[in-house]
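Asker: sequence unknown, structure follows:
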C-alpha cells in the first residue's frame, strides 16, 4: 500500500480517504461508482451522482519545515510512551441533496500529520472527482501498478497529486 496525500491506495486498486481500515474499523472507500462508509455505524454507500461535495475536517496538517521537527518529536514521544498505536482520526463530510453525512476516517500519516501542499492537492482532486472531471480509476490503476513499491517520496507524491488534480 502507498500513501499519496490524503489517499491510501492499495495494491489491489482500493482507494481510501485516510488509512484503509482494519476489521470493523471506520474508513471511507472510493470506487468508480460510489463512496462507501466502512465501519460500525457508518456502513453505507452513496453514488457519485448523489454527492454535491466532499469536505474533510479535523485533519492534522503541518508545514514542510514543521513536519521534520514534529515528526522527530513524535518519534521520541512514541518511543518513551511505549508507542501510541491509535491513529489520528478525521471526518469526511458528504453533502447530498437532502443532508450532510459525517464519516470517520483514520489518518494514513502516522507521524507529524499531512503537509499543507499535499492536503491542498488532495482536496482539489476530491473536488474534481465529485465534479466528474477526475476518475477514481486513475488512482486505482496507479495503485495496481505501483503501491507494492510503498509510499513514494514527498516530491513524487506531490507530482502525482498535481497531475491528478489538474488533469494533466
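Answerer: Ah, there it is. Model, not experiment: these values are computed from the prediction.

Asker: got the phi/psi numbers for residue 138?
Answerer: phi -60, psi -40 (degrees, to the nearest 10).

Asker: Roughly how far does the nearest residue to it once chain neighbours are set aside sit from residue 13?
Answerer: Nearest residue to residue 138 in three dimensions, chain neighbours excluded: residue 164, at 5.9 Å (C-beta to C-beta, 6 or more residues apart in numbering). C-beta: built from backbone N, CA, C; applies to glycine. As judged by C-beta to C-beta, to the nearest Å, residue 164 and residue 13 stand 15 Å apart.

Asker: Surely residue 25 touches residue 38?
Answerer: Yes: counting by C-beta atoms under 8 Å, residue 25 does reach residue 38; the two are 7.4 Å apart.

Asker: Among those two, which residue is more densely surrounded?
Answerer: residue 38 (19 against 15; other C-beta atoms under 10 Å).

Asker: what are the ranges of the helices in this protein?
Answerer: 64-80, 116-131, 136-146, 154-166 (DSSP state H).

Asker: helices or strands next to the second one in the packing?
Answerer: The one in question is helix 116-131. On a contact count with 3 or more C-beta pairs under 8 Å, 6 or more residues apart in numbering; DSSP states H and E, helix 116-131 meets strand 51-57, strand 61-62, helix 154-166.

Asker: What's the local residue count around residue 122?
Answerer: A total of 22 residues lie near residue 122 under the criterion other C-beta under 10 Å.

Asker: what's near enough to touch it?
Answerer: By C-beta atoms under 8 Å, 6 or more residues apart in numbering, the contact set of residue 122 is 5, 6, 7, 56, 114, 161, 165.

Asker: Setting aside sequence neighbours, what's the nearest residue to the fifth one?
Answerer: Read that as residue 114. residue 61 (5.4 Å).

Asker: got a list of contacts for stretch 2-16?
Answerer: For stretch 2-16, the external contacting residues (C-beta under 8 Å, 6+ apart) are 1, 17-20, 27-31, 56, 59, 105, 108-109, 114, 118-119, 121-123, 125-126, 136, 139-144, 146-152, 157, 160-161.

Asker: same deal with stretch 160-168?
Answerer: For stretch 160-168, contacts defined as C-beta under 8 Å, 6+ apart pick out 4-5, 118, 121-122, 124-125, 128, 133-134, 138-139, 142, 152.
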